[in-house]
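>>> I would like to see how this sequence folds:
(chains A and B)
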Amino acid sequence: MGSVTRQRAVWLAERIFPHEPALRAWLSRRPPVGLELDDIVQETYAILAGLEAVDHIRTPRTYMFEVAKSVILQNLRRSQVVTFEALAEFDSLQTPSDEPSPETAAANRQELGRVAALVATLPPRPREVFILRKIHGLSQKEIAARLNLAESTVEKHVGKALAVLTAKIGRGGIRRLESSSHREPTDQDPSERRPGERRRY
Amino acid sequence: MSPPTKIHLNADRESAADIEAAAFAWAARADRGPLSAEDQGALDAWMAADSRRAGAYARALAADAYLDRARALGPGYQPARHAASPVWTRRRLLAGAGGGVAASLVAALGVTTLWARDRIATPKGDVRRVSLPEGSAVTLNTDTVVRPAFAKAERRIDLVRGEALFDVAHNPARPFRVFADDVRIEAIGTSFTVRRHENGDVEVVVRQGLVDVRRVGSAEGVRLAAATTSRVSGRAPIRPQVLSPEAVDKSLAWREGRLDLTGLTLAEAAAEFARYSDYQIAFATADVGRLEVSGVYSVNDPEGFAKAAALSLGLEARALPAGVTLATRTTS
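Model (predicted):
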């Protein structure tokens, strides 16, 4: 598999990544045997990154859910440890519909505020480096010169900041307002939520 | 229901967490600049061994691109002002008037009720992406006002001022039309920018798909395909002009807070910066303004640009109260 083009990365950033917490929440209620949730998420991104074109995808959120489902099904078939019934049951699972609502629009406008709050939670050095890199637009090289650090150290801080922020946004460490507007699949009983999962409003 | 059961079909399988950590390290390396041939080879080999790795790397790049929006926080961003709990609730946002942190965020974001006011705007220096209820999205550049008016038969957006990128959800039954003064741009499932220039010109750049550009009331439209542009000026005929992929990217650099000045004169560059802030870049003589510049700069850093330009062109920079005057160096 080749590298991801900048254009595809931006598409994934805008159309897919914001829905990752919803996908994880959905998957975690139906834990597939033999696969970890993170595996499914990674395989899903691999498929989305490898698509020839994405212009035809009108509802990226639904598309991501369907891709994740196909990853699980393919794995279940291969694993041969599940019964046909289990497979059929999974196959009939409905993926949530994709209708952005006015609340979603409101959530998007609050994204910047969430980013502002999350950046503040970074450890001091990665935070300083992140601010210089992303907000002030300095290159890693310029940051190294300004902070009198080795370039490899700056690179490590960039990686650290990216890892922490991705975990918080992608894993839904904060509940996105976005989740409030989803028509959730009807096959779920609210009592099945994972312990600690915040009640949706 | 119990938490996900972890059954490894293959005990030697690399854990998703390890893959993820390596993917972030690679993304941080790629963030330094184009990878060396050696690094690229190593990355390709690493990804080829497991599809989850390619996925984790794509995810890391996506998250990195997502975080580019932090640019819009502006150089005045102070983490201390946002250090409160990052847990968001709607109630908290609505209680903004009471809480200091929430209030400052509300101010920073310009949170307004979109559909009640029917107007989306950005202040000078800001860039904002807004999703529209039917699946399209509009990204506003600095100092821009749009007014959406969505009806059953038509999705209409008036570009009142400034520049915006439209990512249109395809729906032939409900055309998406942008009006800029007397120019009408109709999308046919697409992504394009429209900019209203100070002198009244309307510039359209099509990134993907197809758009129809015509003057309001005119029966005749001109079709613009992907990677073409047209600058509609006065009553002159509308003419498409083909753009290179680089030129299309360049025209959208503002989304990431960048300004690509390649091929512009100093005066044109100063006019671009003036769109984003009130920092003034003036010239002692008109000759100076005609010098050519190049390079990519942060829209928030006109001062840095002025200094770099002075340095590279051998000019003298004289400070103004809120700006700088560039002059040819007087030989002593």
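
>>> residues contacting the residue nearest to B:P240 when sequence neighbours are not counted?
Leaving out its chain neighbours, the residue that sits closest to B:P240 by Cβ to Cβ, 6 or more residues apart in numbering or on different chains is B:T228, at 4.7 Å. Just so you know, the C-beta spots here come from the backbone N, C-alpha and C atoms, and that holds for glycine as well. Contacts of B:T228 were listed using Cβ atoms under 8 Å, 6 or more residues apart in numbering or on different chains, and they are B:205-206, B:240-243.

>>> and of the residues you listed, the nearest to chain A?
Of all these, chain A sits closest to B:V206, with 13.1 Å by Cβ to the nearest Cβ.

>>> Make sure I have this right: that closest one is in a helix.
No - going by DSSP: H, G, I helix; E, B strand; the rest coil, the assignment for B:V206 is strand, not a helix.

>>> which residues sit in contact with it?
The contact partners of B:V206, taken as Cβ under 8 Å, 6+ apart, are B:190-192, B:224-229.

>>> and these as a markdown table, adding pLDDT and secondary structure?
Supplementary listing: the contacts of B:V206 in a markdown table, determined by pLDDT from 0 to 100; DSSP: H, G, I helix; E, B strand; the rest coil:
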| residue | pLDDT | secondary structure |
| --- | --- | --- |
| B:T190 | 81 | coil |
| B:S191 | 87 | strand |
| B:F192 | 92 | strand |
| B:L224 | 92 | strand |
| B:A225 | 89 | strand |
| B:A226 | 89 | coil |
| B:A227 | 90 | coil |
| B:T228 | 92 | strand |
| B:T229 | 94 | strand |
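
>>> closest point of the stretch 201-332 of chain B to chain A, which residue?
Residue nearest to chain A within the stretch 201-332 of chain B (Cβ to the nearest Cβ): B:S298, separated by 3.8 Å.

>>> one step back: of the contacts of B:T228, keep whichever come out buried.
B:205-206, B:243 (16 or more other Cβ atoms under 10 Å in any protein chain shown).

>>> can I get those in TSV with distance to B:Y57 and pLDDT?
Converted to TSV, the buried ones among the contacts of B:T228 look like this (distance: Cβ to Cβ, whole Å; pLDDT from 0 to 100):
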residue	distance to B:Y57	pLDDT
B:V205	30	93
B:V206	31	92
B:L243	30	90
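
>>> domains in chain A, as residue ranges please.
Taking automatic domain parsing as the criterion, chain A consists of the domains A:6-98, A:103-170.

>>> The first one and chain B in contact?
In this case it means domain A:6-98. Yes - using Cβ under 8 Å from any Cβ of the partner chain, domain A:6-98 reaches chain B at A:6, A:8-10, A:12-14, A:16-18, A:28-29, A:31, A:33-34, A:36-39, A:41-50, A:55, A:58-59, A:79, A:81.

>>> Tell me who's in contact with residue 46.
With no chain named, the answer covers chain A. A:1, B:51-52, B:54-55, B:58.

>>> could you do chain B instead?
Contacts for B:W46 were tallied using Cβ under 8 Å, 6+ apart; they are B:22, B:26, B:53.

>>> just the residues you listed that are near chain A?
Restricting the contacts of B:W46 to contacts with chain A (Cβ under 8 Å from any Cβ) yields B:R53.

>>> Do a quick rundown of the helices in chain B.
B:16-30, B:37-48, B:51-66, B:90-94, B:100-109, B:114-117, B:245-251, B:266-276, B:286-289, B:302-313 (DSSP state H).

>>> What helices and strands are in contact with the first one?
Meaning helix B:16-30. Counting by 3 or more Cβ pairs under 8 Å, 6 or more residues apart in numbering or on different chains; DSSP states H and E, the packing neighbours recorded for helix B:16-30 are helix A:37-50, helix A:151-170, helix B:37-48, helix B:51-66.

>>> Can stretch B:124-136 be said to contact chain A?
Yes - Stretch B:124-136 lies in contact with chain A when judged by Cβ under 8 Å from any Cβ; the contacting residues are B:128-135.

>>> which one of these sits closest to chain A?
Minimum distance to chain A across these is 4.7 Å, recorded for B:S131 (Cβ to the nearest Cβ).

>>> now, of the helices of chain B, which is deepest in the fold?
Mean neighbours per residue, mean count of other Cβ atoms under 10 Å in any protein chain shown, is largest over these for helix B:51-66, with a mean of 26.

>>> Which secondary structure elements does that helix sit against?
By 3+ Cβ pairs under 8 Å, 6+ apart, helix B:51-66 packs against helix A:6-11, helix A:37-50, helix A:151-170, helix B:16-30, helix B:37-48.

>>> If I look at the spatially closest residue to B:A169 that is not a sequence neighbour, what pLDDT would I see?
With Cβ to Cβ, 6+ apart as the measure, B:G135 is the residue that lies nearest to B:A169, at 3.5 Å, once sequence neighbours are left out. Note for B:G135: predicted pLDDT of 72.

>>> What is the neighbour count of B:G135?
Neighbour count for B:G135, taken as other Cβ atoms under 10 Å in any protein chain shown: 19.

>>> quick one, phi/psi of it?
B:G135 adopts backbone torsions of phi 110, psi -10, taken as degrees, to the nearest 10.

>>> With B:R174 as the reference, measure out to it.
According to Cβ to Cβ, to the nearest Å, B:G135 stands 11 Å off from B:R174.

>>> Find residues that contact each of those two.
Common neighbours of B:G135 and B:R174, using Cβ under 8 Å, 6+ apart, do not exist here.

>>> what bits of chain B have low per-residue confidence?
Within chain B, the stretches with pLDDT under 70 are B:1-12, B:82-118, B:189, B:331-332.

>>> Could you list the alpha-carbon positions for stretch A:151-163 in CSV?
Output for stretch A:151-163, consisting of C-alpha atoms alone and laid out as CSV, is shown next (Å, rounded to 0.1, in the frame of the first residue of the first chain):
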residue,chain,number,x,y,z
GLU,A,151,15.4,18.3,16.0
SER,A,152,14.9,14.6,16.9
THR,A,153,13.6,15.8,20.3
VAL,A,154,11.1,18.2,18.7
GLU,A,155,10.0,15.3,16.5
LYS,A,156,9.3,13.2,19.6
HIS,A,157,7.3,16.0,21.2
VAL,A,158,5.3,16.4,17.9
GLY,A,159,4.6,12.7,18.0
LYS,A,160,3.6,12.8,21.7
ALA,A,161,1.2,15.7,21.2
LEU,A,162,-0.4,14.0,18.2
ALA,A,163,-0.8,10.7,20.1
